[in-house]
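[1] Can you look at this prediction? I've put the sequence above it.
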Amino acid sequence: MSANNNEYEHQPVPVTARKSLFSVAIVWAGFPMVMVGAFVGAQIITSLGFRKGMLAILLGNLVLALYVACLSALAARDGQTFALSCQKIFGKIGAKVIAVFLAGLVVGWFAVQTGLAGHGLNTLLGLPLNWSIAIIGGVFTLLSIAGIKMLKPVSIISITLFIITAVISIVLNFQHHHWHEMVNYQPTAGHSLALGIGITMAISVFVDSGTLTADFTRWSKTPGQAVIASLAAFPCANILPMLAGGLVAASGEAADGDFAHLLLPLGPVFGLFAALFFVINCASVAMHGLYNAAAGWSAVIPLSFCQLVVILGIIGTLLALAGITNWLVNWLSLLGIVVPGIGGAMIGWILAGQRRFTPLRLLLAWGFSVICSSLCAHYAPQYSVAVISIVSAFLFAVVALTVIPESVPTAKGDINGSL
C-alpha cells in the first residue's frame, strides 16, 4: 500500500500523518447526522410525548457525549485503531473477541443504510428494489476503499444537504402547524414508554460506533482535539436529526420522522433533491460503518484494509438484500444492553488502571454490565439499560483495579495472565 493510501490499521498513526481538527471533526460529524436518527427521534417523541421525549433525547446525547469523549482522548494519545488499543486493555484474545463483535455490528450498520438507500430509490424513483440495493451496495463499497480520504468530502456533502433539507422541511412544517401544538403532543393511550427507555434509544443509535471512536479520533493531533472532534459528533451532529424527526412527528406531518418527504409536494425537482439527499446521507453512514468494520477485522484477519472493505461490503449488501433493515428496532435494543459496558470498562481502566495490564478484570466488568443491563431490561425497564451498562462496568472495573491485589502476569496479551 502506498503511503498516500495508508490507513495505518496495523500500527499507530504517526504524528506526521495526523489530520487537522476540522478534518477529524467533519469526518466524525458526518456519521451520526443521519436519517436513522430522525426515525429514532420520532419514535421517542411519539412514545413519550414532546416534553418527556425531548428530555430523553437530551439526556441520552449528553451521556453518549461524555462516553465517547473519554474514549477519544485515549485514542489520540495512542494513535491506534480500537482493535489495537484493546489489546493492552483486554488482552490479545479478549481484544479479538470484542473487535470481531463490534466490527460485526457495524457491518450491520452498512447493511441497514444500504437497505434504506435502496428502499428510498425504490419509493421515490420507482426503481426495482433488489437492483437498487445491489447497485447502492456496490457503489458504497467502492467509495469506502479510499478510506479516510473519501470520508471527509462525503461527510461535508452529507452534512450540507442534511442541514438544507432539514431547514426547508421544518419551515414547511411550521407553515401548517403551531409550536404549542407540537409542545403539547402526547402519545396515544397504551402506547407510552418510560423515560429510561427513551434515553436508551437515544444512546443506542450510535453507541457501537461511539465505542469505536478510536478508528477516527486516532487521526487527531492531540487528545484535546480528539475530544473536540468527538463533541462535534456527540451531541451536536447526533442530536439534530432526532430533534428534526421529533418535530415533524409531533406535528403529525411524518409519524416516522422522515422530514425529507415534506419536500415531495413542492414538485419533481425537490423530489429528486430529496432522493439525492437520502442516498448521500445513507452513503456517509454506510461508509463510516464499513471503515469501522475493516479497521476492526484487520486485527484478526491478515488482509489489507481494501481487501476487507470489499469482502465486508459484499456481506453487508447481501444482508441488506435479506431484509436486515426490518430488524432495526430489535437491533438497537441489543446494542443498548451489550455494547456500552465495553466502553464503561475502558473508561474505568483509563481512570484507575494506571496503564496496568489486567485484562481478566476488565472482561469480567463487561460481563457484569451485560448481566446488570439484562436484569434491568427484564425487571426494571423504566430505567435506561444503556446507562446501567456503562455505570456498572465502570464501577466494577474501578473496584477491581483498586481493591483486588494485583498478581504477576504470565504473558502479556494473554487474558489468563494478570488479573
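    Thanks, I have the structure now.
[2] Report the residue spans of the stretch 101-250 of the chain with pLDDT below the cut-off.
    124, 189-191 (pLDDT under 70).
[3] rerun at 90
    101-109, 112-113, 116-129, 147-149, 173-197, 200-201, 204-209 (pLDDT under 90).
[4] same question, the stretch 251-400 of the chain
    252-258, 260-276, 278-279, 295-296, 298-304, 322-339, 350-358, 376-386.
[5] Show me the residue at the heart of the protein, geometrically.
    Centroid-nearest residue in the chain, with CA atoms, centre = their mean: Phe206, separated by 2.5 Å.
[6] and the closest residue to that residue other than its chain neighbours, which of the three is it?
    Counting by CB to CB, 6 or more residues apart in numbering, Phe206 lies nearest to Pro32, which is 5.0 Å off, once chain neighbours are set aside. All C-beta spots, glycine's among them, are computed from the backbone N, C-alpha and C. Here Pro32 is recorded as coil under DSSP: H, G, I helix; E, B strand; the rest coil.
[7] thought Pro32 was touching Ile203?
    No - between Pro32 and Ile203 there is no contact under CB atoms under 8 Å: 11.7 Å.
[8] if we can go back for a sec, quick one, what contacts the residue nearest to the centre of the chain?
    Listed by CB atoms under 8 Å, 6 or more residues apart in numbering, the contact set of Phe206 reads Phe31, Pro32, Leu64, Ala233, Phe234, Asn238.
[9] Quick one: neighbours of the fourth one, just the number.
    Using other CB atoms under 10 Å, Ala233 has 30 neighbouring residues.
[10] Correct me if wrong: it contacts Pro32.
    Yes - counting by CB under 8 Å, Ala233 does reach Pro32; the two are 5.3 Å apart.
[11] those helices in the stretch 1-150 of the chain, which residues are they?
    21-29, 35-48, 50-78, 82-125, 129-144, 148-176 (DSSP state H, counting those that start in this stretch).
[12] what does the stretch 301-419 of the chain give?
    Using DSSP H, counting those that start in this stretch, helices in the stretch 301-419 of the chain cover 305-321, 328-338, 340-352, 359-379, 385-402.
[13] These into TSV, with extra columns for distance to Ser169?
    Below are the helices of the stretch 301-419 of the chain laid out as TSV (distance: least, CB to CB, whole Å):
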stretch	distance to Ser169
helix 305-321	26
helix 328-338	22
helix 340-352	32
helix 359-379	34
helix 385-402	29
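[14] Would you convert those helices into CSV that also reports mean neighbour count and distance to Tyr8?
    Formatted as CSV, these follow (neighbours: other CB atoms under 10 Å; distance: least, CB to CB, whole Å):
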stretch, mean neighbour count, distance to Tyr8
helix 305-321, 21, 9
helix 328-338, 18, 27
helix 340-352, 26, 20
helix 359-379, 20, 24
helix 385-402, 23, 28
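[15] list the contacts for the nearest residue to Leu401 once chain neighbours are set aside?
    The spatial neighbour of Leu401 that comes closest, neighbours along the chain excluded (CB to CB, 6+ apart), is Ala352 at 4.3 Å. The contact partners of Ala352, by CB under 8 Å, 6+ apart, come to Ala397, Val398, Leu401, Thr402.
[16] What of Tyr67?
    So Tyr67 contacts Val207, Gly210, Phe234, Pro340, Gly343, Gly344, Ile347, Ile390 (CB under 8 Å, 6+ apart).
[17] Could you check how far it is from Ala146?
    29 Å (CB to CB, to the nearest Å).
[18] again with Gly137
    In terms of CB to CB, Gly137 sits 16 Å off from Ala146.
[19] ok, now Val63?
    33 Å.
[20] And Leu105, by the same measure?
    23 Å.
[21] do Ile57 as well
    From Ile57 to Ala146 the distance is 34 Å (CB to CB).
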